[in-house]
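[1] Sequence first, predicted coordinates after that:
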Protein chains: 4
Amino acid sequence: MGEITMGGFVARDKEFESRVRASFARQSLMTTIGARLTKILPGEIEIEFPFRSSLCQQNGYLHAGIATAVVDTACGYAALSLTAAGMEVLTVEYKANFVSPAAGDLFIARAKVKKAGRTLTVCSGDVAAVHGGDETLIATMLATMMALPVE
Amino acid sequence: MGEITMGGFVARDKEFESRVRASFARQSLMTTIGARLTKILPGEIEIEFPFRSSLCQQNGYLHAGIATAVVDTACGYAALSLTAAGMEVLTVEYKANFVSPAAGDLFIARAKVKKAGRTLTVCSGDVAAVHGGDETLIATMLATMMALPVE
Amino acid sequence: MGEITMGGFVARDKEFESRVRASFARQSLMTTIGARLTKILPGEIEIEFPFRSSLCQQNGYLHAGIATAVVDTACGYAALSLTAAGMEVLTVEYKANFVSPAAGDLFIARAKVKKAGRTLTVCSGDVAAVHGGDETLIATMLATMMALPVE
Amino acid sequence: MGEITMGGFVARDKEFESRVRASFARQSLMTTIGARLTKILPGEIEIEFPFRSSLCQQNGYLHAGIATAVVDTACGYAALSLTAAGMEVLTVEYKANFVSPAAGDLFIARAKVKKAGRTLTVCSGDVAAVHGGDETLIATMLATMMALPVE
């Protein structure tokens, strides 16, 4: 009743979407990357971002750190979507594998909560490159997020 | 004789420094971040980079993904410095912990090779924030790099 | 035709199951743990193992290292199941999160290949504790495996 | 005054050594492995363990999960050594690289606290194999530990 559920997850704060959007809007790096939120569900976030020639590694592919930054942000908001109002989320740590060159015009980062705990939340995320209509997995992440009261 | 050694590491290619500099110069993300190479030794790299308000997370601190990108680059060139000529290095995977807010005017990423193998090289790296003259550890990384012939 | 496919994965060697079983049988740690292979599909492995009071941490729960050992083994054989005959697989690295106490009579480790490459294969795996008929996620892993010719 | 310091770390509880020893003694897995504490300093732990043919992988080397279990335990007690009395430490997550086959008669796991926080402590650790008098690095770990009041 009034709860928004998905994949076993319930948002404790009905305003989770606006909290995610407001925090995302304050991440200047996401603006620099051209990233935008394309899905906000309880425990699940999707962010799209374009190729930018200013964000590349030595061979002209997107730098691994940029794919990491976006899927980290997606993991963080997947965790934030499940917290009570008045909480924020910080990244404790993450691990990412890079499985294909980050070649494409468009990239999609998708993150899901794997286990939401009182203090710590574990999330997994993938980044795909889109060529034509096809997706290629370029990176996968396993991350630990920590919820803290907003100061 | 003619070998350049450090910390047990020997550069097999005397031109390792120019190879590192040339590859770094092609990383457009490092230019966007304002990063510059401040140490290039066999198996050891240091990169400095300034705070930029365009590269932040929601609280105005440097985004974890940017600290990650720079220390990943430092790890990659620490590995590259030990390869034969004609090789390049790609990031297989990394794991990073974020231990303090990335607050500061200047940041320093330092990476060292931990074990150089035929195909895979394991590196560790730290990122410190500099305030006044003091350094605060903000992130630490353990990374796996793969050497491949330049195509 | 004659290919054994699953989840997009094709076993290149029709004898993959017997290769996995033969290698598993040589892992003395799996015998010590009491682990047994309960699913062997191309790119997907399941291993069950009982609680043993000789393999615990300080509070009487199964030690994180044992859950890690079994899901690492599951990841390794998920990778091995996709290799050509005459290859073996070694663990390059892994990262695991521990999300609940490892309390239970029976544990199940499940691993899947996420991306199979020429040299490196990325796998993910979970470990669940079984209480009565219910499963609780206790650990999750992201791992990198390397294929090498059998010496 | 009365403080026991090392590497910048101060033990808040003068009884840290006996707390570490008592908890270690309750880890039945450490007994099964034959592991023993050989150094207990504030923020730094060393554990030695012998080769056992019952704890191996398919080629007769020590299983990666056993090296992991011991260095995880070392990281945990490095973190515990810095906590107040009445606290215990649980493993949140770890990442380990395996850089050489675990061949040897004796192994040494060494762990140090990298950053001690209020709730979370980051530790790094290495495992070396000893052959004759020489040590070979076989594994390296970066781990996150969480301090909780003993229930």
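    Yep, that arrived.

[2] When you work out contacts or count neighbours from here on, use the C-alpha atoms and nothing else.
    Fine.

[3] Just give me the longest helix of chain A.
    The longest helix of chain A (DSSP state H) is helix A:64-80.

[4] Check whether it comes near chain C.
    No. Using C-alpha under 8 Å from any C-alpha of the partner chain, helix A:64-80 never reaches chain C; the gap is at least 14.5 Å.

[5] Which strands and helices lie in contact with that helix?
    If contacts are counted by 3 or more C-alpha pairs under 8 Å, 6 or more residues apart in numbering or on different chains; DSSP states H and E, helix A:64-80 sits against helix A:16-26, strand A:44-50, strand A:87-98, strand A:106-116, strand A:120-131, strand A:134-149, helix B:64-80.

[6] For chain A, list the residues in contact with chain C, please.
    On the criterion C-alpha under 8 Å from any C-alpha, chain C has as its neighbours in chain A the residues A:95, A:97, A:99, A:115, A:117, A:122, A:142.

[7] check contacts around the last one.
    This means residue A:142. With contact set as C-alpha atoms under 8 Å, 6 or more residues apart in numbering or on different chains, residue A:142 has these partners: A:94, A:95, A:96, A:122, A:123, A:124, A:125, C:142.

[8] at 6 Å instead, please
    Applying C-alpha atoms under 6 Å, 6 or more residues apart in numbering or on different chains, we find residue A:142 in contact with A:94, A:95, A:123, A:124.

[9] likewise the second one?
    By C-alpha under 6 Å, 6+ apart, residue A:97 lies in contact with A:139, A:140, B:92, B:93.

[10] Same question for residue A:96.
    By C-alpha under 6 Å, 6+ apart, the residues touching residue A:96 are A:140, A:141, B:93, B:94.

[11] Burial check on residue A:140, number of neighbours?
    27 (other C-alpha atoms under 10 Å in any protein chain shown).

[12] for it, which residues make a bridge with it?
    Under DSSP bridges, the beta-bridge partners of residue A:140 are residue A:97, residue A:126.

[13] can you pull the contacts of it?
    A:96, A:97, A:125, A:126.

[14] same thing but at 7 Å, please
    Contact criterion C-alpha atoms under 7 Å, 6 or more residues apart in numbering or on different chains gives A:96, A:97, A:98, A:125, A:126, A:127 as the residues in contact with residue A:140.

[15] Ok, residue A:9 next?
    Under the criterion of C-alpha under 7 Å, 6+ apart, the contact list for residue A:9 reads A:42, A:43.

[16] partners of it in the sheet?
    Per DSSP bridges, the residues bridged to residue A:9 are residue A:6.

[17] and stretch A:49-61, which residues are buried?
    Residues of stretch A:49-61 classed as buried under the neighbour-count rule (16 or more other C-alpha atoms under 10 Å in any protein chain shown) are A:49, A:50, A:51, A:52, A:54, A:55, A:56, A:57, A:58, A:60, A:61.

[18] how far away is residue A:151 from residue B:133?
    28 Å (C-alpha to C-alpha, to the nearest Å).

[19] for residue A:63, that is, sorry about that
    For residue A:63 relative to residue B:133 (C-alpha to C-alpha), the value is 31 Å.

[20] Between these two, which is the more surrounded one?
    For residue A:63 against residue B:133, the residue with the higher neighbour count under other C-alpha under 10 Å is residue A:63, and the figures read 24 against 6.

[21] so what's the more buried one scoring on pLDDT?
    The predicted local confidence for residue A:63 comes out at a pLDDT of 98.

[22] show me what contacts the most centrally placed residue in chain A?
    The geometric centre of chain A, computed from its C-alpha atoms, lies nearest to residue A:74 (C-alpha atoms, centre = their mean), at 0.8 Å. Contacts here follow C-alpha under 7 Å, 6+ apart; on that basis residue A:74 touches A:45, A:46, A:47, A:109, A:110, A:111.
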